[in-house]
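In: Sequence first, predicted model second:
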Amino acid sequence: MTEYALKFFAIYFASLFKFISGPALGAAAGFSLLEIVVVTVSGMMTSVAVMTFAGEWVKSYWDLKMTPKRKRFSPRTRRIVRVWRKFGAIGIAVITPLVLTPIGGTIVMTAFNVKKDKIFIYMFVSALFWALIFGSSINWMLSIPIFRDLFG
C-alpha cells in the first residue's frame with residue numbers, strides 16, 4: 001500500500017507541472033485508466049487552483065516589479081493571443097494540456113481576466129477530456145503485442 005501511495009503522489013507531483021506526465025507515468029506504473037485519469041486531473045486542477053488564487057498576487061507583483069518598456073511579442077505569444085481572439089477562454093483551456101503547462105494556461109487565463117469559476121470549469125473539462133484521450137491511447141498502445149514487449 002505504501003508503494004502504491006508513493007507512486008501515486010510522485011505521478012501527482014509530476015502532473016502539477018506537466019500534464020502528459022500523468023498518463024505516461026501512470027501507464028508505466030501499471031495504473032488502470034480510472035487511476036490515470038484521477039491522478040492526472042487532480043494534479044492539473046491543483047496547479048489551476050493554486051495559480052488562480054495566487055494569480056492576482058502574481059499579476060500585481062509583476063506589474064510592480066517590471067519596468068515599463070516596449071513590449072515585444074514572441075511568435076508563441078502571438079499564437080496564444082490568436083487562439084484567445086478566435087476561441088476565448090475555452091480555446092486556451094483546450095490547448096493547455098497539449099501546448100501549455102497547467103500553470104502556464106492558468107496564468108494566461110488569469111492575465112485575460114477570466115472569472116475564477118470559469119477557469120475551474122473550463123480547465124476541469126479540458127483536463128478530464130485530455131486525460132481520457134491520452135490515458136486510453138497509451139493503454140491501447142500497450143495492448144498491442146509489439147509495444148507491450150518493448151515497454152511492458
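Out: Structure received. Since this is a predicted model, take the numbers as computed values, not measurements.

In: Next, give phi and psi for A54.
Out: phi -90, psi -10 (degrees, to the nearest 10).

In: and if you look at S74?
Out: Torsion angles, degrees, to the nearest 10, at S74: phi -80, psi 160.

In: And for the one 10 residues further on?
Out: Here the main-chain torsion angles of W84 (degrees, to the nearest 10) amount to phi -60, psi -50.

In: Let me see the contact set for it.
Out: G91, I92, V108, F112 (Cβ atoms under 8 Å, 6 or more residues apart in numbering). All C-beta spots, glycine's among them, are computed from the backbone N, C-alpha and C.

In: and the most centrally placed residue in the chain, what is it in contact with?
Out: The residue lying closest to the centre of the chain (Cα atoms, centre = their mean) is P102, at 3.3 Å. The contact partners of P102, by Cβ under 8 Å, 6+ apart, come to S15, L16, F17, F19, G43, M44, S47, V48, M51, T96, M123, A127.
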